[in-house]
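In: model this:
(2 chains)
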Amino acid sequence: MSGRRVALKAIDWLAFAERVPSNQRVMFNALKTRTDAISAKLASLPETPPAIDWSYYRSAVAKAGLVDEFEKKFKALQIPEPVDTQTSKINAQEVEANKSALDFVEKSKVRVVEYEKELEKFKNMIPFDQMTIEDLNEAFPETKLDKVKYPYWPHKPIANL
Amino acid sequence: MLSRLQAISVKVTDPFVSLSLVQASRSLQTSSQRLAPVPPLPDHGGKVRHGLIPEELFEFLYPKTGVTGPYMLGTGLIVYLLSKELYVINHETIYAICIGTIIVYGVKKYGATVAAFIDSINEEKVAKAQAAKDSHISFLTEAIENEKKEQWRVEGRGMLFDAKRNNVAMLLETNYRERQHMVTNEVKRRLDYQIALQHLNRRLQQEHMINWVEKNVISSITPQQEKESIAKCIADLKVLAKTTQAKAAA
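Out: Have a look, this model is predicted:
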């Protein structure tokens, strides 16, 4: 009969929305609407039901003891709190998500290192007007002409000119 | 050593081409070890005097012989060659002079534009390569930024689970309240039903009693009493009719 006060964590939906990437926006919107519906439903229900006026019923109902019996049983009734089956699943999901997130961050960092290395190489490259062909071949290996495979000028298939 | 020789040979064999040539200031880097990036091409070709003779000769002879040195050298050489008939003047000399003049004139007049044109062709190639390089650099920087952004995004994953847990908690609370309300409502309904039942019983009893009383009263009216009451009613009616007639006439 006593109401439970659940500690609801306040969620900053704006900050949350910022972090959602564009390809998951639909799911985010669905989640938000669901949450809003649930919280609206919760807000519409008063915390405790209105009390029953036992004295009125005692005077009105002629059957002896009926009201008393009802009152006794009613007061003794314990409404079981609904069992929480999902929180453990959610926690498990969270652990998994954390793991995969760390994984992703690791990979992302590796990628960033790669990109930065390439960026360094490009930034430190000598400008084109000071390069020789050898320098060009060093910097961009794909420009190297294969003089062994194509011994005659232009050292590449004519279709590639 | 070999590269030095090549450098010197480059210097000496280019008296006729005056513009856009690789001057001796740029040594050929043919060794496999590169020491430094090759310096850029100079903007202008080496200076020449009279379109033919590189300025370096004049510079070289200036300390010893002054300004007129190279001219004296040139004149002397030519006179010697001619007088000793080491160089024989024939028709080809005339050709050489004419063609030489034309070449020098042509190069002096149009050399710059042609060089600019050729340079522009080269510039295009370099610009294309540069554009490709720039776009690649910008792509890389963007990619790095995107990765950082995605990392930041990932940090917000806790909020999703908070939202989910909140939802679950709200649902549970809603359910609990609904149950409470349901219990109260049901009990109320039962009690109200009892009361309504009582009311109904009472009403039925009352009606039944009334009907029974009426029936008894009606059956207890004897025919004698009925006749008397009817006669009385008629008499009353007559009196009433008289009074209303009097009223209407008045």
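
In: Who are the packing partners of the one helix or strand B:His136 maps to?
Out: B:His136 belongs to helix B:91-155 when elements are defined using DSSP states H and E. The contact analysis (3 or more Cβ pairs under 8 Å, 6 or more residues apart in numbering or on different chains; DSSP states H and E) places helix B:91-155 against helix A:13-19, helix A:86-123. The way it works is simple: take the backbone N, C-alpha and C, and place the C-beta from them, glycine included.

In: of all the ones you listed, which has the lowest average per-residue confidence?
Out: Across the helices and strands packed on helix B:91-155, helix A:13-19 has the smallest mean pLDDT, namely a mean of 82.

In: per-residue confidence averaged over the helix holding B:His136?
Out: For helix B:91-155, mean pLDDT is 90.

In: So which residues of chain B form helices?
Out: Per DSSP state H, chain B carries helices over the ranges B:2-12, B:55-65, B:69-83, B:91-155, B:157-220, B:223-249.

In: can you put the ones you listed in JSON lines and add distance to A:Thr132 and mean neighbour count?
Out: Below are these laid out as JSON lines (distance: least, Cβ to Cβ, whole Å; neighbours: other Cβ atoms under 10 Å in any protein chain shown):
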{"stretch": "helix B:2-12", "distance to A:Thr132": "14", "mean neighbour count": "12"}
{"stretch": "helix B:55-65", "distance to A:Thr132": "25", "mean neighbour count": "13"}
{"stretch": "helix B:69-83", "distance to A:Thr132": "35", "mean neighbour count": "12"}
{"stretch": "helix B:91-155", "distance to A:Thr132": "13", "mean neighbour count": "13"}
{"stretch": "helix B:157-220", "distance to A:Thr132": "52", "mean neighbour count": "14"}
{"stretch": "helix B:223-249", "distance to A:Thr132": "142", "mean neighbour count": "10"}
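
In: Specify the stretch among the ones you listed that is closest to A:Leu136.
Out: helix B:91-155 (8.4 Å; Cβ to Cβ).

In: hmm, back to that, out of the helices of chain B, flag the one nearest A:Ile133.
Out: With respect to A:Ile133, and counting by Cβ to Cβ, the nearest of the helices of chain B is helix B:91-155 at 12.3 Å.

In: contacting residues around the residue of chain B found nearest chain A?
Out: Nearest to chain A in chain B, going by Cβ to the nearest Cβ, is B:Gly156, at a distance of 3.4 Å. Residues near B:Gly156 by Cβ atoms under 8 Å, 6 or more residues apart in numbering or on different chains: A:15-16, A:18-20.

In: Now a PyMOL select for only the buried ones of those.
Out: To isolate the buried ones among the contacts of B:Gly156 in PyMOL, judged by 16 or more other Cβ atoms under 10 Å in any protein chain shown, type:
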select buried, chain A and resi 16+19+20
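
In: and chain B, which of the contacts of B:Gly156 reach it?
Out: A:15-16, A:18-20 (Cβ under 8 Å from any Cβ of the partner chain).

In: which of those lies closest to chain B?
Out: Set against chain B, the nearest of the ones next to chain B among the contacts of B:Gly156 by Cβ to the nearest Cβ is A:Arg19 (3.4 Å).

In: Please report phi then psi for the residue nearest to that closest one when sequence neighbours are not counted.
Out: Leaving aside its chain neighbours, A:Arg19 sits nearest to B:Gly156 (3.4 Å; criterion: Cβ to Cβ, 6 or more residues apart in numbering or on different chains). Dihedral pair for B:Gly156: phi -80, psi 10, per degrees, to the nearest 10.
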